[in-house]
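> Fold the following.
(one chain, ligands or ions: 1)
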Amino acid sequence: MENKSNRIGIDVQNARGFYGRRAGKSLNERQALLMKDFLKELAIDIEVSAPKPLKDLFSKQVESVWLESGFGGGEHLIHRAKENPTIGYIGVEPFRNGMAKALVEIEAEGLDNIRLYNEEAGPLLDWLPEGQLDGFYLLYPDPWPKKRHFKRRFVNMKNLDRIARLLKPQKEFRFASDIDSYVKWTVDHCDRHSEFSWLEEKEENSLKPWENWPGTRYEAKALREARQPRYLTFLRK
Ligand SMILES: C[S@@+](CC[C@H](N)C(=O)[O-])C[C@H]1O[C@@H](n2cnc3c(N)ncnc32)[C@H](O)[C@@H]1O
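So this is what the prediction gives:
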């Protein structure tokens, strides 16, 4: 696989369609230890076959499974896992420092309903069994605001096919962004995709977050910089 690093330290893995940072500043001792040991316990191994039913991925019995792709530091994922101990959460984050931050919190809270994947989402999404997710979160994906970079956005027809394959009928794909052009882009892509219908129907109906919304780290930055978040819900037909 081609794996280049550019001037500002962004790993560019064109071969797998991932554009983002894999690592930032050094981890502290605790984070490094958790990345070495604890992550092994929680990480999903896509070299073995996926469990059927998917719920068996969790050591405890869970009623349903949700996935969050690109969880950053894991604030939202951990909030959901704490408020819904009988739901299993799969968290995906290729950025090492974000994963390390989440591990510290998961361990401190003793959460047993989270499994993790520390790579870009694509291979995991292809590995997971069809039609077994009850929800999919994509919260503030990297915006790629320049037109020539739009093709790097996580929302594209291939990833929408993947999400559609994974969700049960009538279950939700939840997308948040503060970038107007990305909101329009996502509405347009889901509109053209045969398997999704947009619940809010209009942009003016998409100002209210979902129930028990804790916010995210990236959202806090957007609000400080006076950008308006939008919350879009697409139903898998
Ligand atoms: C702008 S940040 C938002 C983080 C978090 N959701 C929040 O709202 O604070 C986007 C995140 O998506 C992750 N990401 C980028 N491409 C990804 C991919 N292909 N699969 C999974 N995560 C990805 C990045 O590493 C980054 O942490």
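> Going by C-alpha atoms from here, please, whenever you check contacts or count neighbours.
Fine.
> which bits of this protein sit near the ligand?
Residues of the chain lying near the ligand by C-alpha under 6 Å from any ligand atom: 18, 20, 69-72, 92-95, 120-121, 139-142, 216-219.
> Check which element follows the helix or strand where residue 66 lies along the chain.
For residue 66, the host element (DSSP states H and E) is strand 64-69. Using DSSP H and E, the helix or strand that follows strand 64-69 in sequence is helix 75-83.
> So what touches the helix or strand following that following helix?
For helix 75-83, the succeeding helix or strand toward the C-terminus, using DSSP H and E, is strand 87-92. Outside strand 87-92, the residues that touch it by C-alpha atoms under 8 Å, 6 or more residues apart in numbering are 55, 58, 62-71, 74, 77, 81, 113-121.
> ok, residue 142 - contacts?
153, 154.
> now the residues of the chain next to the ligand: which count as buried?
18, 20, 69-72, 92-95, 120-121, 139-142, 216, 218-219 (16 or more other C-alpha atoms under 10 Å).
> Would you mark the buried spots in the longest strand along the chain?
Ranked by residue count under DSSP state E, the longest strand found in the chain is strand 167-177. Neighbour-count burial for strand 167-177, with 16+ other C-alpha under 10 Å as criterion, is recorded at 167, 168, 169, 171, 172, 173, 174, 175, 176, 177.
> In CSV, list those along with distance to residue 226 and pLDDT.
Formatted as CSV, the buried residues of strand 167-177 follow (distance: C-alpha to C-alpha, whole Å; pLDDT from 0 to 100):
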residue, distance to residue 226, pLDDT
167, 33, 98
168, 36, 98
169, 36, 98
171, 32, 98
172, 28, 98
173, 26, 98
174, 22, 98
175, 19, 98
176, 16, 98
177, 13, 98
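> Which of those residues sits closest to residue 25?
residue 177 (25.9 Å; C-alpha to C-alpha).
> Test my guess that that closest one contacts residue 223.
No - here residue 177 lies out of contact with residue 223, judged by C-alpha atoms under 8 Å, at a distance of 11.2 Å.
> Before I go, just wanted to say thanks for your time.
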